[in-house]
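> Okay, sequence plus prediction incoming.
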Amino acid sequence: MTHPAPGAAVSVPPVFPGRRAGAAFLVALSLSIGWGIRGNFGHEAGAMIPGALAALAACLLSGREDWRGRAPWFALFGGLGWAFGGSIAYMYCISFAGSEHWPTALYGFLITFCVGGLWAGMGGMGTALPAVMDRKRLEDFFVPLIFVLVPVGVHALMEDAVSAWAQQYLALDVDGTDFRHRNPLYWLDADWRPAFAALLGVCAFDLWDRRFSKAHLLAAFAAAGAAAGWGAQRLLDAAGMAAPLGRLLVAPLGNIHAVNPETGQLFDPAQFLTNWPQVILDYPQHAGLAAGLIAGIALYFIKYGKFRRDAGLLLCMSLGWLLAFLILPVLGTIPLQRWGGLRMMPPRSDDWAGITGVFAGALAYCLRRGLRPVAWAGAVSAAIGGFGFALVPFVRSLLLLPGHGQLTPGGTPPAWAHWHAANWHSILEQSHGFCHGLGIAVVMAVLAARAPGLADPSPPKRNWTDVFAVVFLLFGVGWLNVFKNVEEWTAGTAPAVPEIMKAPLLGLPLGAAVWFNLVWWSAALMVAALLAVHLRRRLDIMPRSSLGKGQLLYTAFLWMMVIANHERALVHFSEGRLVTEWVIFMNAVLATFLMMWLPGEGVPLPGGVGDADAWSLRRVARRALPLVLAGLVLMAATTRIIYGDKPVQHPTVNHKRFGPEAHWRIKPILKEGRHR
């Protein structure tokens, strides 16, 4: 063992603040707060809230000055990464995990891990992206990203309006909730249209980026493909093979031998939905033409597409969504009809398959394009987050044991009535967020110590990307969520806010939504203008340090969403909301204090780990999967041993995925029925 010479300088590795327990706690708390708020707003827009808060916290607590200067980017990409999981239904998974049916219970824990892993995996990759990409590459990536966000956003804004138009002018009995399956484009209740819009956006970027070089050939490829597809279908018709092939590819989403428990008779097979959109079954004569058209366009982009500026990442993700969805629940259901098809939780959405494709596509791209640490971050986040996602309902099942109504003779004792009447759903959600946050804290702490330093030019050349990120977070993500409050305020026979209000003095009647948008977008325009001014001359209100700017952004977004969430619940507040809005408010107070107190001084930039094995996905899988699988089996077995033949919750609900009483088998979604 050698010792340094007397008086020689001793090299002490820097202590990264992100590795401290307090930092991990704040990252986890940030995601927990956001996850509790997400439960009230829902879906992809709601999922961006916890992702942005956790990414900001991890960035600011890292000690990396090169990261802190990118705080708006961390918030943007962290939010977008976590948004993907917002399309996946997960309460069915948890219901299966608490089932009295042994095979369903084990299956429930497995798929709860899978859903949580997909959600956390995409969140981890989005959070890690600004920590790995150099500034020029990331700024270039903003251009194709905007090309994708625009059509996806337009689709989201227009979807309800188009449904209303179809109801009024086409006499289609469709809506976005109970009768959404009557939409001719309904497909396994999945968000395939946004994925398709994203693919159109990235293809439009490629055409624009190549300055429409050889764009005239696109029409020729499309026409040739359509003609070939049409001709192939005519040949199959002439040979008498088209109809049998069509029947081979169509699978009913139900059991034709099952008895309807409401009527005591067999279900009408004509009432079953299938593994294809109704529009394809209504117009099968055009299937060949449509398939050929798509193939022709695909061949054009295969031959001429460049997909520069990392547009290839968006291409892999959107194509991955569509291909995985087509292969898994659509075609995979055909040989597995007797088990309900290759569907994770029928009759709920099969977006899980699309997000599996997105995750796989993103991993493949990152591994091939010099973003291996991003892929590693996604894999580790998936392992930790997925396991935590399954662990939380298991812990909840143990907490529900005292005085459990199904296990206690005579039902729940009065002494435990208040305990069991608590808002356990919100407790579950906030705990899920905390576990996910721990995964992000671990991943980002490792990246802070290992990822190479990012030497950004000073001053940066494209400040508009920072402005875009801030405005998108505060007013884009904010609007997508807070605007939903208007419906809550104006609902009911005694609404808190009138549906129509006249302008002062002028008397012009405007809807509550219009008044809201006037205020919201006026504030957005003001902030965007001030940021633009700040790029030319510093405004005194803006902190000088990157850390101070990031803390300001974190605090502004946190309290904007906390207050908006409180406003949403205030019109129908009750004792049960204390575990949601009250806890969220108190946690936000603690998070604000910690965000101001915890961040330390900047640390020297690491040299970066050059060993590819340090970011090996195989090593992650080799170490994590055996432990995860053993833990899931142990949790499932423990739950069933404790509860026996009783479900953990909701004894009147069907919790079975398999067997003759499986929910999908005896209560399928019928064309003339309601969706669930």
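Okay, I see it.

> Pull the distance from the stretch of helix or strand Met158 belongs to to the chain's centre.
For Met158, the element it lies in under DSSP states H and E is helix 135-169. What separates the centre of helix 135-169 from the centre of its chain is 16 Å, taken as C-alpha atoms, centre = their mean, to the nearest Å.

> I'd say Leu617 and Ala375 touch.
Yes. Taking C-beta atoms under 8 Å as the definition, Leu617 is a contact partner of Ala375 at 6.2 Å. For glycine as for every other residue, the C-beta is placed from the backbone atoms N, C-alpha and C.

> More neighbours: which of these two?
A count of neighbours by other C-beta atoms under 10 Å puts Ala375 above the other of Leu617 and Ala375, at 26 against 16.

> contacting residues for that one?
Contacts for Ala375 (C-beta atoms under 8 Å, 6 or more residues apart in numbering) come out as Met125, Ala362, Leu363, Cys366, Leu367, Trp615, Leu617.

> picking up where we left off before, buried residues, the helix holding Met158. List them.
Across helix 135-169, burial judged by 16 or more other C-beta atoms under 10 Å covers 135, 138-145, 147-149, 151-153, 155-156, 163, 166.

> Kindly check the end-to-end length of stretch 486-493 for me.
End-to-end distance of stretch 486-493 (C-alpha to C-alpha, to the nearest Å): 15 Å.

> for the record, mean pLDDT for it?
Stretch 486-493 carries an average pLDDT of 88.

> In that stretch, which residues are buried?
Within stretch 486-493, the residues that count as buried by 16+ other C-beta under 10 Å are Val486, Glu488, Trp489, Thr490.

> so the first one touches Val519, yeah?
Pointing back at Val486 there. No. Look at Val486 against Val519 with C-beta under 8 Å: they stay out of range, at 11.1 Å.

> show me where the stretch 251-400 of the chain has helices.
Ranges of helices within the stretch 251-400 of the chain are 278-282, 287-304, 311-325, 351-368, 372-399, based on DSSP state H, counting those that start in this stretch.

> Turn these into TSV, including mean pLDDT.
Below are the helices of the stretch 251-400 of the chain laid out as TSV (pLDDT from 0 to 100):
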stretch	mean pLDDT
helix 278-282	87
helix 287-304	95
helix 311-325	97
helix 351-368	96
helix 372-399	96
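
> For Val633, find the nearest of the ones you listed.
Distance to Val633, taken as C-beta to C-beta, is lowest for helix 372-399 among these, at 10.9 Å.

> so how far is the closest one from its chain's centroid?
The answer for helix 372-399 is 15 Å, by C-alpha atoms, centre = their mean.

> buried residues in that helix?
Quick answer for helix 372-399 (16+ other C-beta under 10 Å): 372-394, 396-397.

> and what of stretch 101-115?
Neighbour counts over stretch 101-115 (16+ other C-beta under 10 Å) mark 101, 104-115 as buried.

> mind exporting it as PDB, just the C-alpha atoms?
Included here for stretch 101-115 are C-alpha records, laid out as PDB according to Å, rounded to 0.1, in the frame of the first residue of the first chain:
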ATOM      1  CA  HIS A 101     -57.800 -16.000  -7.800                       C
ATOM      2  CA  TRP A 102     -54.200 -17.200  -7.400                       C
ATOM      3  CA  PRO A 103     -53.200 -17.200 -11.200                       C
ATOM      4  CA  THR A 104     -54.700 -13.700 -11.500                       C
ATOM      5  CA  ALA A 105     -52.900 -12.400  -8.400                       C
ATOM      6  CA  LEU A 106     -49.500 -13.500  -9.700                       C
ATOM      7  CA  TYR A 107     -50.300 -12.200 -13.100                       C
ATOM      8  CA  GLY A 108     -51.400  -8.900 -11.500                       C
ATOM      9  CA  PHE A 109     -48.100  -8.300  -9.700                       C
ATOM     10  CA  LEU A 110     -46.200  -9.100 -12.900                       C
ATOM     11  CA  ILE A 111     -48.100  -6.700 -15.100                       C
ATOM     12  CA  THR A 112     -48.100  -4.000 -12.400                       C
ATOM     13  CA  PHE A 113     -44.300  -4.200 -12.500                       C
ATOM     14  CA  CYS A 114     -44.400  -4.000 -16.400                       C
ATOM     15  CA  VAL A 115     -46.700  -1.000 -16.400                       C
END
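
> ok, Phe483 - how many residues close by?
16.

> Same check on His257?
As a burial measure, His257 scores 10 neighbours (other C-beta under 10 Å).

> Relative to Lys656, how far out is it?
Separation of His257 from Lys656 (C-beta to C-beta, to the nearest Å): 17 Å.

> Quickly note the distance from Phe307 to Val202.
Between Phe307 and Val202 the distance is 7 Å, computed by C-beta to C-beta.

> what residues are shared contacts of the two?
Common neighbours of Phe307 and Val202, counting by C-beta under 8 Å, 6+ apart, are Pro144, Leu315.

> So for the two, which residue has more residues nearby?
Val202 (25 against 19).

> mind listing what the more buried one touches?
Contact analysis of Val202 by C-beta under 8 Å, 6+ apart lists Pro144, Phe147, Val148, Phe307, Ala311, Leu314, Leu315, Ser318.

> can you redo the residues you listed as JSON lines with distance to Ala588?
Shown next, in JSON lines, are those (distance: C-beta to C-beta, whole Å):
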{"residue": "Pro144", "distance to Ala588": "35"}
{"residue": "Phe147", "distance to Ala588": "35"}
{"residue": "Val148", "distance to Ala588": "32"}
{"residue": "Phe307", "distance to Ala588": "41"}
{"residue": "Ala311", "distance to Ala588": "38"}
{"residue": "Leu314", "distance to Ala588": "34"}
{"residue": "Leu315", "distance to Ala588": "39"}
{"residue": "Ser318", "distance to Ala588": "35"}
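
> which residues touch Gly608?
Arg450, Ala451, Pro452, Gly453 are the contacts of Gly608 under C-beta under 8 Å, 6+ apart.

> so who does Ala441 touch?
Ala441 touches Gly18, Ala23, Ala24, Val27, Ala28, Ala58, counting by C-beta under 8 Å, 6+ apart.

> Mind doing that once more with 6 Å?
Applying C-beta atoms under 6 Å, 6 or more residues apart in numbering, one finds that Ala441 lies in contact with Ala24, Val27, Ala28.

> cool, His675 as well?
Asp178, Arg180, His181, Ile669.

> Single out whichever of those has the smallest pLDDT.
Lowest pLDDT among the contacts of His675: Asp178, with 78.

> contacting residues for that one?
Neighbouring residues of Asp178 by C-beta under 6 Å, 6+ apart: Arg674, His675.

> what's around the nearest residue to Asp282 once chain neighbours are set aside, how many residues?
Among residues not flanking Asp282 along the chain, Pro184 sits closest, at 6.9 Å (C-beta to C-beta, 6 or more residues apart in numbering). Residues near Pro184, counting by other C-beta under 10 Å, number 16.

> got it, and Val471?
Using other C-beta under 10 Å, Val471 is surrounded by 17 other residues.

> where's it, which helix or strand?
Counting by DSSP H and E, Val471 is part of helix 464-471.

> And for that helix, what's in contact with it?
So helix 464-471 is contacted by Pro72, Trp73, Leu76, Glu139, Phe142, Ala528, Leu531 (C-beta under 6 Å, 6+ apart).

> Scan those and report the most crowded one.
For those, the largest number of neighbours (other C-beta under 10 Å) sits with Leu76, at 29 neighbours.

> If you count contacts, what does the helix or strand where it lies end up packed against?
Element membership of Leu76 [criterion: DSSP H and E] is helix 71-83. Applying 3 or more C-beta pairs under 6 Å, 6 or more residues apart in numbering; DSSP states H and E, one finds that helix 71-83 contacts helix 43-61, helix 102-132, helix 464-471.
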